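Q: predicted model follows, preceded by the sequence.
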Amino acid sequence: MVHRANAPDLTIAAELRGSIDAAMRRARSRGISRERIADRMNLALPGIDRPITKRQVDSWMADSKEFHRLPAEWLPAFCWAVEDESAAEVVVRALGNEMVDAREVAAKALGDAHVEIASLRRKVGELTRRLST
């Protein structure tokens, strides 16, 4: 049984809201309006019942709309729409992890492949020496 004393503090509301707001401001500086954010999110979420509207996007940042928050299942679409992953990073960091991009994953895979090649070369060398004696 987990006790409250052992539970981490995962309160991220203020940080998440701040990262969403900052991501929208950075998107606007690149010419992506809130209306365009809604349009792009709708493209990325073809299975939702009702399309996301600019009004909804506006409500996610309005102080007066305390209970109008970006649903977690829409977070990946939001990050894609604004071309900014900082909001997702807030969630990942809260869990004690870090995000890596595809290039970092490929670099690690390449390094692992080089290690495996070196290991196989050593093994081939050893087997060759055994067979030549």
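A: Good, I have the coordinates.

Q: how is the protein partitioned into domains?
A: Domains of the chain are assigned by automatic domain parsing as 4-99, 100-133.

Q: could you give me the average pLDDT of the shortest one?
A: Same thing as domain 100-133. Averaging pLDDT along domain 100-133 gives 93.

Q: can you map out the helices along the chain?
A: 13-29, 34-44, 54-59, 75-82, 86-94, 102-132 (DSSP state H).

Q: between these, which gets nearest to residue 68?
A: helix 54-59 (3.9 Å; C-beta to C-beta). Placement of C-beta: from N, CA and C, glycine included.

Q: other SSEs contacting that closest one?
A: Contacts defined by 3 or more C-beta pairs under 8 Å, 6 or more residues apart in numbering; DSSP states H and E place helix 54-59 against helix 34-44.

Q: got the buried residues for the helix it packs on?
A: 34, 36-42 (16 or more other C-beta atoms under 10 Å).

Q: run a quick neighbour tally on the residue nearest to residue 10 when sequence neighbours are not counted.
A: Of all residues not flanking residue 10 in the chain, residue 94 sits nearest, at 5.2 Å (C-beta to C-beta, 6 or more residues apart in numbering). Using other C-beta atoms under 10 Å, residue 94 has 15 other residues around it.

Q: fine by me, we can end here.
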